[in-house]
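Trainee: Return atomic coordinates for the entry below.
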Amino acid sequence: MSRPIEDYALIGDTRTAALVCRTGSIDWLCLPHFDSGACFAALVGDDENGTWSLAPQGHAVAIKRVYREDSMVLETTYDLEGGGRVQVVDAMLVGSEVPRVLRLVTGLAGRVAMRSSIRIRFDYGRVVPWIHRASGTVMAVAGPDAVALYADVPLRGQDLSTVAEFWVGPGDRVGFEMAYFPSYEEQPGPSDVVTALRRTDVFWREWARTCRYDGPWREIVMRSLLTLKALTDARTGAVLAAPTTSLPEQLGGVRNWDYRYCWLRDATFVLVALLNAGYEEEAFAWRAWLLRAVAGNPNQIQILYGLRGERRLPEFEAPWLRGYADSRPVRIGNAAAEQLQLDVYGEVADVMYQAHRAGLPPDTDEWSLTKAVVEAVEKQWSEPDRGLWEVRGPARPFVHSKVLAWVALDRAICAIEKFGLDGPIDRWRALRDQIHAEVCAKGYDPKRETFTQSYGSAEIDAAALLIPLVGFLPPSDPRVAGTVKAVERELLVDGFVQRYTQPSSDTDGLPPGEGAFYACGFWLADNYVLQKRRKDARALFERLIGTANDVGLLSEEYDVVGRRLVGNFPQAFSHVGLVNTAYNLAADSKPAEQRRGKQPVTTPPA
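Mentor: Numbers count the residues shown, from 1 in each chain. Sure, this is the predicted structure:
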């Protein structure tokens, strides 16, 4: 039986990441990179697909876990029957030449029997490695992949796994380390686990120390920022959507996608979250990644890319994995990379403009890229596409896509007006007005007083909440107010917002059924801020963050009926929404003369 998603915590080294269950098992880890094959894949399979359990052998009457303050070092404390108490500390060593998982057992009270069981399975749980032991080290090798296991206690083989059984008393410490390396290179030596944990803790605390967020909810905002940093590839600047694949949007369903890639739609939201918190270096690296990824013919811009900017992300299924909670298929890769999604042009133009507006130094190629993007919009804006939600059904004239085409033109025009750049401003203004008029005429239902998902459709889409956030219409416009009411009426369920109405599989080409989308809830709260509904905004925000797990992490969606997290985890888009809404609430609560920092994303271009 799969453990609840909320039972997991994230550890990482800004190169890859692992999920650690509250019961002591690491059930997901891709090596050496976020998008590499998993060597621990029990999360979407079972223990035979790879896991590392490290826990007391006796029954725990209480388990408490916390991250060390402003750190990604995880501490799990077990209270056992009979009074025994033990702590396990988990982390990945930041700055190491090779990925290293660190685990330290410390006895706190009584004598506690412990057991470590490591079952390594490369290539998403499919390949059983060759194991050999030498000089107190266990090494697992399969093709190009190898890991070395080090421990302060003896390791032995048992049923195709590596086991250690030992006792700890008060003050006793037993360290474990797993280091990945290419099998054709020299094996790395062991670390001193205590020293390595201290180094890791210092790294995260020093990074967190520079955060300039000073509003309420600082603890969960800081946790979200740390999570975003942990999902950032230090080599490339890419911000990962999530470290997992195929955690289902509905238990037992087929909406299971690989999110170990970078979506351009996240770009502006991520940029603003980082800038508002004072992380200009990370924001600059993210923008630089974006420029490299989309370089080339603007007609070939994709909605998502690999961590290094790869364009080919072929999707296939892994039938040897039974799926999380028997949710099949388990997918590797993401075919959405091949879809036409017109909103991508607006997202690229917007992130360039917002970067300038926030004071990031300009890149010499930026304006050339922006102009090329707008020229592509001129040619393609009227075409149907697959939309923000990457539907696998027929292409349609999605309202959000047209709004973002307007955004591309608007941001380019604003750049010319504010920064003295060159471009055919009169032609772009005329097209901007044309798109605006068409969206208002064809994408708005005057009888129901709401924007719809696509031209002529009956469906309501939470993406329409972005209309005032991107400046397409002011928040005071009655059409915006009507759309917010429609979302509240048709998509708001027990305080959580569904992405869109799903009357049938014709809506998006898949069987209906999924959780409420966290980002949509934060967008609604942002709308409340703009409409001066401060009490409603605060209540909704606290409702959303109240469903984070015990260590402050959010998945992509929330199952309102089952009251549990669903979807890939932890989800960057959810945490970005949390940070930006917290900032908007904090900024809105201050007198105008006291407000400082960068403009929040909910404020249209000035």
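
Trainee: how many neighbours does Gly456 have?
Mentor: 11 (other Cβ atoms under 10 Å). (Each C-beta comes from the backbone N, C-alpha and C, glycine too.)

Trainee: Revised request: answer the last question for Glu81.
Mentor: Neighbour count for Glu81, taken as other Cβ under 10 Å: 10.

Trainee: swap in the one 10 residues further on?
Mentor: Look at Ala91: counted by other Cβ under 10 Å, it has 30 neighbours.

Trainee: Domain map for the chain?
Mentor: Using automatic domain parsing, the domain parsing of the chain gives 5-185, 209-594.

Trainee: do you know which of those domains lies nearest Asp201?
Mentor: The minimum distance between Asp201 and the domains of the chain falls on domain 5-185, with 4.9 Å, by Cβ to Cβ.

Trainee: Mind telling me what element Tyr213 is part of?
Mentor: Taking DSSP states H and E as the definition, one finds Tyr213 inside no helix or strand.

Trainee: Which residues are in contact with it?
Mentor: Tyr213 makes contact with Val221, Met222, Leu225, Asn276, Ala277, Gly278, Val579, Ala582, Tyr583, Ala586, according to Cβ atoms under 8 Å, 6 or more residues apart in numbering.

Trainee: And for Arg235?
Mentor: Listed by Cβ under 8 Å, 6+ apart, the contact partners of Arg235 are Arg15, Arg308.

Trainee: Relative to Gln571, how far out is it?
Mentor: Distance, Arg235 to Gln571, by Cβ to Cβ, to the nearest Å: 22 Å.

Trainee: again with Arg212
Mentor: Taken as Cβ to Cβ, the span from Arg212 to Gln571 is 24 Å.

Trainee: more crowded one of these two?
Mentor: A direct count of neighbours by other Cβ under 10 Å for Arg212 and Gln571 places Gln571 higher, at 28 against 11.

Trainee: In this structure that one contacts Phe522, no?
Mentor: No. Look at Gln571 against Phe522 with Cβ atoms under 8 Å: they stay out of range, at 11.7 Å.

Trainee: buried set for stretch 292-303?
Mentor: Under the neighbour-count criterion of 16 or more other Cβ atoms under 10 Å, stretch 292-303 has Ala293, Val294, Pro298, Ile301, Gln302, Ile303 buried.

Trainee: cool, stretch 354-370 as well?
Mentor: Neighbour counts over stretch 354-370 (16+ other Cβ under 10 Å) mark Gln354, Ala355, His356, Arg357, Ala358, Leu360, Asp363, Glu366, Trp367, Leu369, Thr370 as buried.

Trainee: Which of these fall in helices?
Mentor: Taking DSSP state H as the definition of helices, the buried residues of stretch 354-370 contribute Gln354, Ala355, His356, Arg357, Ala358, Glu366, Trp367, Leu369, Thr370.

Trainee: my guess is the first one meets Leu274, correct?
Mentor: Meaning Gln354. No. Here Gln354 does not reach Leu274: they are 11.1 Å apart, not a contact under Cβ under 8 Å.

Trainee: Could you count how many residues lie near the closest residue to Ala142 other than its chain neighbours?
Mentor: With sequence-adjacent residues excluded and distances taken as Cβ to Cβ, 6 or more residues apart in numbering, Ala142 is closest to Pro129, at 3.9 Å. Neighbour count of Pro129, defined by other Cβ under 10 Å: 21.

Trainee: before we move on, what about Val101?
Mentor: 25.

Trainee: That one should be in a strand, yeah?
Mentor: Yes. Under DSSP: H, G, I helix; E, B strand; the rest coil, Val101 sits within a strand.

Trainee: show me what contacts it?
Mentor: Counting by Cβ under 8 Å, 6+ apart, Val101 touches Ile11, Ala18, Ile26, Leu29, Trp52, Asp90, Ala91, Met92, Glu177, Met178, Ala179.

Trainee: quick one: which of these is nearest Arg312?
Mentor: Taking Cβ to Cβ as the measure, Arg312 lies nearest Leu29 of the contacts of Val101, at 24.4 Å.

Trainee: Now name the helix or strand holding that closest one.
Mentor: Assigned by DSSP H and E, Leu29 falls in strand 25-30.

Trainee: which other residues reach that strand?
Mentor: Residues from elsewhere that reach strand 25-30 (Cβ under 8 Å, 6+ apart): 3, 8, 16-21, 36-44, 50-55, 90, 101, 243-244, 260.

Trainee: Sheet-wise, list the partners of it with their directions.
Mentor: Sheet pairing of strand 25-30 (DSSP bridges) gives strand 17-21 (antiparallel), strand 38-40 (antiparallel), strand 51-56 (antiparallel).

Trainee: And the helices in this structure, which stretches?
Mentor: 122-125, 193-209, 218-230, 267-276, 280-294, 343-358, 366-380, 399-419, 425-442, 466-469, 478-490, 518-530, 534-545, 572-588.

Trainee: Alpha carbons of the fourth one, in CSV - could you do that?
Mentor: Just to be clear, that refers to helix 267-276. C-alpha atoms of helix 267-276 as CSV (Å, rounded to 0.1, in the frame of the first residue of the first chain):
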residue,chain,number,x,y,z
ALA,A,267,8.9,31.9,-15.6
THR,A,268,7.3,35.2,-14.6
PHE,A,269,5.9,33.8,-11.3
VAL,A,270,9.3,32.2,-10.4
LEU,A,271,11.2,35.4,-11.3
VAL,A,272,9.0,37.6,-9.2
ALA,A,273,9.0,35.3,-6.2
LEU,A,274,12.8,35.2,-6.3
LEU,A,275,13.2,39.0,-6.8
ASN,A,276,10.7,39.9,-4.1
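
Trainee: got the angle for it vs helix 280-294?
Mentor: 160 degrees (axes from the mean of the first three to the mean of the last three Cα atoms, to 10 degrees).

Trainee: For Ala196, the count of nearby residues, please.
Mentor: The local packing of Ala196 (other Cβ under 10 Å) involves 22 other residues.

Trainee: which ones are touching it?
Mentor: Ala91, Leu93, Ser96, Arg100, Leu102, Glu177.

Trainee: Gly521 - how many residues pack around it?
Mentor: 30.

Trainee: Now do the contacts for it.
Mentor: By Cβ under 8 Å, 6+ apart, Gly521 lies in contact with Gly495, Phe496, Val497, Leu540, Arg543, Leu544, Gly577.

Trainee: Out of the strands paired with strand 25-30, which is closest to Leu465?
Mentor: So among those, strand 17-21 is nearest, using Cβ to Cβ, at 30.1 Å.

Trainee: pLDDT of the closest one, averaged?
Mentor: For strand 17-21, the mean pLDDT works out to 98.

Trainee: Direction-wise, compare that strand with helix 218-230 and give the angle.
Mentor: Strand 17-21 and helix 218-230 are oriented at 130 degrees to each other (the same axes, to 10 degrees).

Trainee: per-residue confidence for the residue lying closest to Ile120 once chain neighbours are set aside?
Mentor: Residue nearest to Ile120 in three dimensions, not counting chain neighbours: Ala140, with 4.6 Å by Cβ to Cβ, 6+ apart. At Ala140, the predicted lDDT confidence score is 96.

Trainee: List the buried residues of stretch 144-161.
Mentor: Going by 16+ other Cβ under 10 Å, stretch 144-161 has these buried residues: Asp145, Ala146, Val147, Ala148, Leu149, Tyr150, Ala151, Asp152, Leu155, Ser161.

Trainee: Hmm, the second one is touching Pro188, no?
Mentor: No. In this structure, Ala146 is not within contact of Pro188 by Cβ under 8 Å, at 10.0 Å.

Trainee: Sweet, I'm off.
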